[in-house]
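J.: structure for the following, please:
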Amino acid sequence: MKFTTLSAALALALGSLSVAAQQVHQASEKAIKLAQENILIDTHIDVPYRIHNKWDDVSKATERGDFDYPRAIEGGLNAPFMSIYIPANLEFEGKGKSYELANQLIDMMEALAYRAPDKFAIADSVADVEKQFKDGVMSLAMGMENGSPIEGEIKNLHHFYERGVRYITLAHSQSNHISDSSYDIRRKWKGLSPFGKELVTEMNNIGMLIDVSHISDAAFYQVMELSKVPVIASHSSLRKYTPGFERNMDDDMLLALKKNGGVIQINFGSSFVTSSANSWYDRRDEAQDKAKEAGKDTTDFKAAFLKKNPFPFASLEQVLEHIDHVVKLIGIEHVGIGSDYDGVGDSLPVGLKDVSSYPNLVQGLLDRGYSDADIKKILGENMLRVWRKQRRLPKRTKIYAS
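T.: Down below sits the predicted model:
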């Protein structure tokens, strides 16, 4: 999910909340060491689109955004998956613009690594991540959010694999030529399109991770039937805590994910974590629509609504409840971190406001009785296990022209 800044008033509120969070959430030395001295993978950070819209040199401290190098080092993040995010709209779908934008965003990540080789390096494999971790360099892996740039051509899948993309979120907020979206009431394909089914098979063949975040329930179960290797949900949380929100995963889906051997990477955005935050946007938009119907001036409506109806930020403890539920239902081996930093706007939980905050999450896990070994699995080992299984198959089910 992508949000723009809600308002200047919310930004001010966030500032005070961030100070409060620093006062309330004090990670212990042990929690900080666990975060900083182990491979910490976050499978969804939206830096590429953020700096494409407005340039920020994230190799240095920045005043805006959720990610920069100094904060990431403070938080222990050493292997972020940078999201090659493509907007879901008719302007991009099937017109060459998705392909062009995806390549531009990849170029930006390569340029970032080139300009600061002492800080960043592109990571195409688990071996890269492990070597670069030992070398003290942050690995920049890449995942594509929205399969629109494939544009119905298997050769484009191969192209983006060669460019370093290691997972593809099949759809985003609208259904596309690959899959129905969980957000889209139009279910043209009743799951995956015929091309989408072909694409899933070829993603298995070449070792590209399949990301089931954003797609419809029907598409999810079709992927489960087709995929011969574990899949990921790169930035999803649980429907148990947000009833009716199809974008999150329900318990049956979690059980299917366990059978598949995959992993759900928990999204930190408040609207993914609690039903009260999830419904806040609907209440605001409904109130704005009613004001328009009544002929009222709605120029500053959102700021006024926010002032009267403060955004109900989730708490760190509520994020931990999502992790607890996954662990209790399907086991410690199937959960990790997919924060959606720089992708959910001003909606992050108290205590998890940016990439410096991972030690707070670790402290919360320690306080709930998680062992060091279990915490290391959540931080990165589970994702590394799934990534290792994405190997090029020796025999392809079909040969495609490059």
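J.: what about the helices in the stretch 1-150 of the chain?
T.: For the stretch 1-150 of the chain, applying DSSP state H, counting those that start in this stretch gives helices covering 8-24, 29-36, 47-53, 69-75, 97-115, 126-134.
J.: nearest to Gly343, of those?
T.: Between Gly343 and the helices of the stretch 1-150 of the chain, the tightest spacing by Cβ to Cβ is seen for helix 47-53, at 8.0 Å. C-beta: built from backbone N, CA, C; applies to glycine.
J.: return the distance of that closest one from the chain's centre.
T.: Centre-to-centre, helix 47-53 and its host chain are 15 Å apart (Cα atoms, centre = their mean, to the nearest Å).
J.: circling back to that earlier point, with distance to Glu153, mean pLDDT and mean neighbour count as added columns, please give the helices of the stretch 1-150 of the chain in a markdown table.
T.: Formatted as a markdown table, the helices of the stretch 1-150 of the chain follow (distance: least, Cβ to Cβ, whole Å; pLDDT from 0 to 100; neighbours: other Cβ atoms under 10 Å):
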| stretch | distance to Glu153 | mean pLDDT | mean neighbour count |
| --- | --- | --- | --- |
| helix 8-24 | 42 | 41 | 14 |
| helix 29-36 | 41 | 98 | 18 |
| helix 47-53 | 22 | 96 | 19 |
| helix 69-75 | 35 | 98 | 20 |
| helix 97-115 | 9 | 97 | 18 |
| helix 126-134 | 27 | 98 | 17 |
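J.: now these in JSON lines, with distance to Ser227?
T.: Compiled in JSON lines, the helices of the stretch 1-150 of the chain are given as follows (distance: least, Cβ to Cβ, whole Å):
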{"stretch": "helix 8-24", "distance to Ser227": "39"}
{"stretch": "helix 29-36", "distance to Ser227": "31"}
{"stretch": "helix 47-53", "distance to Ser227": "26"}
{"stretch": "helix 69-75", "distance to Ser227": "31"}
{"stretch": "helix 97-115", "distance to Ser227": "23"}
{"stretch": "helix 126-134", "distance to Ser227": "19"}
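J.: Ile323: which of those helices is closest?
T.: With Cβ to Cβ as the criterion, Ile323 lies closest to helix 29-36 of the helices of the stretch 1-150 of the chain, at 14.8 Å.
J.: show me what that closest one is packed against.
T.: If contacts are counted by 3 or more Cβ pairs under 8 Å, 6 or more residues apart in numbering; DSSP states H and E, helix 29-36 sits against helix 69-75, helix 358-367, helix 372-376.
J.: so which residues of the stretch 51-200 of the chain form strands?
T.: Remark: strands assigned in the stretch 51-200 of the chain by DSSP state E, counting those that start in this stretch are 79-85, 120-122, 138-145, 165-169.
J.: for these, which one ends up most surrounded?
T.: strand 79-85 (a mean of 27; mean count of other Cβ atoms under 10 Å).
J.: tilt between that strand and helix 97-115?
T.: With axes from the mean of the first three to the mean of the last three Cα atoms, to 10 degrees as the basis, strand 79-85 and helix 97-115 are set at 150 degrees to each other.
J.: could you export strand 79-85 as PDB, CA atoms only?
T.: Coordinates of the C-alpha atoms in strand 79-85 are reproduced here as PDB (Å, rounded to 0.1, in the frame of the first residue of the first chain):
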ATOM      1  CA  ALA A  79      19.800  -6.600   3.900                       C
ATOM      2  CA  PRO A  80      16.800  -4.500   2.800                       C
ATOM      3  CA  PHE A  81      14.800  -5.500  -0.300                       C
ATOM      4  CA  MET A  82      14.300  -2.300  -2.200                       C
ATOM      5  CA  SER A  83      10.900  -2.200  -3.800                       C
ATOM      6  CA  ILE A  84      10.800  -1.600  -7.500                       C
ATOM      7  CA  TYR A  85       7.300  -0.200  -7.100                       C
END
